[in-house]
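Peer 1: next one to model:
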Amino acid sequence: MIRAGRLQYVQTMADLADALGKKLVTVRNQKPYAAEGHPAPISSPTARAQLWDSEQTKAYYAGEPIPELPQVDDDEDLLDRHEAAELLGIAPITWNGYKKDPALTAGVVLVPAGPKGTEHWPRRLVLAYKNGRPGKAAGGGRPAGSGDMIPRDEILPRIAELLEADPAVTVETVADTLGIAKFPTAQSGLVTLRGRRIADLVEEQPGLDPKDAAIQLGYPTSTHRGAIAAAEREFLVRGDKPYLQRTADFLAAAGIAQQAQVEMRQPDGEHVAAAVLLDTDQPAAAVVWDSRYGWRTSASRRHPIGKATDTPPEGEGIRYLGSGLRPEPEELLEALRDGRKGTKRPRITP
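Peer 2: A predicted model of the protein is given here:
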């Protein structure tokens with residue numbers, strides 16, 4: 001976290017490279033910050049963008065004693081999404097929905113300032129949100145004939161919180177608590193999330209039978225069949241992740257994208273997609289991989305993948321790249337840098 005009063009000393013990887021007189025790509029490749037004794041990042045371990053305290057790194061490279069940072073929590077400490085989620089006892093993906101609360105939106109701090117900054121929130125705002133959250137009875141259920149009461153992109157994160165609190169939570173409880181439809185919204189959300197958690201546990205314990213995983217997680221017997229089927233679909237999704245993460249890491253090392261963990265999505269509940277956000281000085285906002293069509297560019301940073309469609313996305317800012325479904329990262333980088341390469345429609349059709 002960024003301790004209260006230390007915002008002016010925050011140092012990004014680009015700032016660190018400037019201080020060392022090196023190019024950013026050189027620092028990313030050489031990783032001097034990984035050396036024994038180097039000051040630890042002040043960002044959370046799983047944060048996309050690493051941050052340091054410049055007073056600490058300056059002292060380290062000068063061979064001087066490294067100053068201690070404050071250890072006592074302060075209301076003005078700035079927390080990233082992982083730290084805010086931990087304070088609330090929820091998963092980071094759940095926080096992605098909560099952070100849209102007007103009070104949190106108004107108080108967000110971008111570090112560094114600007115469109116490429118990482119979102120942080122003062123501890124006091126996160127605590128105020130935690131203390132002011134409605135209880136289980138809030139929401140009043142879903143009135144007859146109405147639509148879901150919360151935005152669609154917040155539904156899974158909110159269901160995830162209920163499932164974390166009670167593995168045996170029912171479709172009825174989810175629907176009444178969140179004000180969403182029982183079928184298919186609450187039911188499909190629970191099935192999907194239980195499947196993901198079964199997949200997580202099987203990955204942590206190789207050789208574990210998915211049914212035994214469901215039992216370990218405390219899921220009711222009546223939910224096992226659907227959750228195990230969802231877990232099997234999740235395994236297929238995760239089979240593509242090593243390639244996509246390797247590609248994302250390569251683009252980051254080349255200096256055109258920020259280092260980040262790839263998030264796999266299934267916009268239509270079947271096919272897999274993932275996006276890598278590019279730096280703002282690049283001709284495209286992002287590159288998107290689709291299990292049906294391969295790589296393409298996107299003009300949107302906020303919603304690079306877009307809505308689920310039965311046909312390949314086409315239009316302004318979209319260029320399909322690569323000679324196959326999984327081109328080598330070097331080929332993708334070359335195509336990104338050469339605007340003459342690529343096609344308006346995918347070369348690959350399912």
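
Peer 1: rest of the way, CA atoms for contacts and neighbours
Peer 2: OK.

Peer 1: number of nearby residues for residue 255?
Peer 2: Look at residue 255: counted by other C-alpha atoms under 10 Å, it has 17 neighbours.

Peer 1: which parts of the helix ranked longest in the chain are buried?
Peer 2: As assigned by DSSP state H, the longest helix anywhere in the chain is helix 187-204. Across helix 187-204, burial judged by 16 or more other C-alpha atoms under 10 Å covers 187-199, 201-202.

Peer 1: name the helices or strands packed onto that helix?
Peer 2: When contacts are defined as 3 or more C-alpha pairs under 8 Å, 6 or more residues apart in numbering; DSSP states H and E, helix 187-204 packs onto helix 152-165, helix 210-216, helix 224-238.

Peer 1: list just the one of the ones you listed that sits closest to residue 347.
Peer 2: helix 224-238 (22.1 Å; C-alpha to C-alpha).

Peer 1: who's in contact with the helix or strand just after that closest one?
Peer 2: Scanning forward in sequence from helix 224-238 by DSSP states H and E, the next helix or strand is helix 241-253. With C-alpha atoms under 8 Å, 6 or more residues apart in numbering as the test, helix 241-253 has contacts from 25, 28-29, 257-262, 264, 274, 276, 326, 328-329, 333.

Peer 1: for residue 211, give me its contacts.
Peer 2: Residue 211 touches 224, 228, counting by C-alpha under 8 Å, 6+ apart.

Peer 1: how about 6 Å then?
Peer 2: Not one residue lies near residue 211 by C-alpha atoms under 6 Å, 6 or more residues apart in numbering.

Peer 1: now residue 274
Peer 2: Per C-alpha under 6 Å, 6+ apart, neighbours of residue 274: 264, 288, 289.

Peer 1: return the set of buried residues in stretch 11-29.
Peer 2: In stretch 11-29, residues buried by neighbour count (16+ other C-alpha under 10 Å) are 11, 12, 13, 14, 16, 17, 24, 25, 27, 28.

Peer 1: relative to residue 50, how far out is the last one?
Peer 2: Using C-alpha to C-alpha, to the nearest Å, residue 28 is found at 11 Å from residue 50.

Peer 1: okay, and the helix or strand of the protein with the least pLDDT?
Peer 2: Ranking every helix and strand in the chain by mean pLDDT, DSSP states H and E puts helix 92-98 at the bottom, with a mean of 78.

Peer 1: who are the packing partners of it?
Peer 2: Where contact means 3 or more C-alpha pairs under 6 Å, 6 or more residues apart in numbering; DSSP states H and E, helix 92-98 is packed against helix 81-88, helix 152-165.

Peer 1: helices or strands up against the first one?
Peer 2: To tie it back to what came earlier, the one meant is helix 81-88. Using 3+ C-alpha pairs under 6 Å, 6+ apart: helix 81-88 touches helix 92-98.
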